[in-house]
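[1] Based on what follows, work out the 3D shape:
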Amino acid sequence: MKLSNKQVGKRYTKALFEVAEEQKSVEEMLEDLKALKQVYEENPGLGFALAGRSISRTEKLKILDTLKGQFGSLMQDFLGLVFDNNRMDCVIDIADAFIEKYDEVNGIVEATVTTAIELDQTQAKNLESVIKKRFSVNEVNLTKIVDSNIIGGVIIRVGDQVVDGSVVKKFNDIKNMLLVNN
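    Okay, the predicted model is just below:
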């Protein structure tokens, strides 16, 4: 059975994270993977070119050497391993899985906050504080969305959990309660 790119990403990340921890270079690896992911996103065909059969192995190695040149030794070794295993099309999935693992280990969450009006810095900081306490985390990366359709209140999304304190939800709850009672 063939593994999905996401599964491959998680497997490589597990091993890479352990080695990076042993070498005390997790932060460096995180930055290298973010930079590599950006290169892949700016050059969408790169992964398929390096993993596919459209160009010769010699040409692929030239591209790989150019790519490896901007990174530290652990990342260079890692890229060699990924290339040798013909998984260069999984680099973005590996980077995403590593970032996810890093965030998990360090208590960092991505939170999306939807409000009816733009939040000022004090309100955003207060929401970050509430999210830190509610979800028992150390750091919150907050994405703010303004949606006037919620009328008022706030909707907070962290991972697959949603805390909906919007006015429109409260209206709908009251409406449903009145319909049930009739």
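[2] And the next helix or strand past the worst-scoring helix or strand of the chain on mean pLDDT?
    Within the chain, no helix or strand scores below helix 46-51, which has a mean of 85 by mean pLDDT, DSSP states H and E. For helix 46-51, the succeeding helix or strand toward the C-terminus, using DSSP states H and E, is helix 57-68.
[3] Report the distance from that next one to the chain centre.
    27 Å (Cα atoms, centre = their mean, to the nearest Å).
[4] need the helices for the chain, in chain order.
    5-22, 26-42, 46-51, 57-68, 73-84, 91-106, 121-135, 167-181 (DSSP state H).
[5] Only alpha carbons, please: show the least confident helix or strand of the chain as CSV.
    The C-alpha trace of helix 46-51 is given here as CSV (Å, rounded to 0.1, in the frame of the first residue of the first chain):
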residue,chain,number,x,y,z
LEU,A,46,10.4,21.7,-8.2
GLY,A,47,9.3,18.7,-6.2
PHE,A,48,8.0,16.8,-9.2
ALA,A,49,11.1,17.7,-11.2
LEU,A,50,13.3,16.3,-8.5
ALA,A,51,11.2,13.2,-7.9
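[6] helices or strands next to it in the packing?
    If contacts are counted by 3 or more Cβ pairs under 8 Å, 6 or more residues apart in numbering; DSSP states H and E, helix 46-51 sits against helix 26-42, helix 57-68. Heads up, the C-betas are built off the backbone N, CA and C, glycines and all.
[7] which of these sits most buried?
    helix 26-42 (a mean of 16; mean count of other Cβ atoms under 10 Å).
[8] Name all residues that make contact with residue 169.
    Counting by Cβ atoms under 8 Å, 6 or more residues apart in numbering, residue 169 touches 150, 153, 155.
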